[in-house]
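>>> turn this into a model:
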Amino acid sequence: MRKKRERRVFEAAFKIEAVRRMQERLTVHVPLSVIARDLGLRPQQLRGWEKQIDARVGQPPADVFPGEGNVPSAEEEVRRLRRENEVLRQERDFLRKTAAYFAKDSR
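Numbering: from 1, shown residues only. The predicted structure is shown next:
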């Protein structure tokens, strides 16, 4: 039976530094596989971190890599507003139907 590997956890600062080093070394044409091996990572992992950093440019490291199921504050606000918007739509639709029902009876 195969042993289950323990999942490695990386700090946000490490991820940011790894991506910075990757970008620096790519400019001098070092292959991504070599960079990843030197850092003890997979190439896909570095690319994923790079995409995550690019998507959240200018945000603090805690919001770039929130970790452990945490959501950056801006994304959480968007989720809350979407939930609230859905409730408001349901209330609006209910009021429209109610108004139409009573308008039909008053004729």
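>>> how about the strands in this protein?
In the chain, no segments count as strands under DSSP state E.
>>> mind naming the longest helix for it?
Across the chain, the helix with the greatest residue count (assigned by DSSP state H) is helix 73-105.
>>> quick one: distance of that one to the chain centre.
For helix 73-105, the gap between its own C-alpha mean and the chain's C-alpha mean amounts to 27 Å (Cα atoms, centre = their mean, to the nearest Å).
>>> quick check: mean pLDDT of it?
Here the mean pLDDT over helix 73-105 is 89, rounded to a whole number.
>>> now stretch 51-65
In this model, stretch 51-65 has an average pLDDT of 77.
>>> okay, now it: how far is its last residue from its first?
Counting by Cα to Cα, to the nearest Å, you get 11 Å between the two ends of stretch 51-65.
>>> could we number from 42 for the rest of this?
That works, and once the first residue is 42, the last one we named lands at stretch 92-106.
>>> list the buried ones in it?
Along stretch 92-106, these residues count as buried under the neighbour rule (16 or more other Cβ atoms under 10 Å): 94, 97, 104, 105, 106. C-beta coordinates here come from the backbone N, C-alpha and C atoms, glycine included.
>>> ok, of those, which one's closest to residue 73?
residue 94 (15.6 Å; Cβ to Cβ).
>>> show me the contacts for the residue nearest to residue 54 when sequence neighbours are not counted.
If you skip the residues right next to it in sequence, residue 54 has residue 102 as its closest partner in space, 6.3 Å away by Cβ to Cβ, 6 or more residues apart in numbering. Contacts for residue 102 were tallied using Cβ atoms under 8 Å, 6 or more residues apart in numbering; they are 53, 54, 57.
>>> what about stretch 76-92, start to end distance?
With Cα to Cα as the measure, the ends of stretch 76-92 fall 17 Å from one another.
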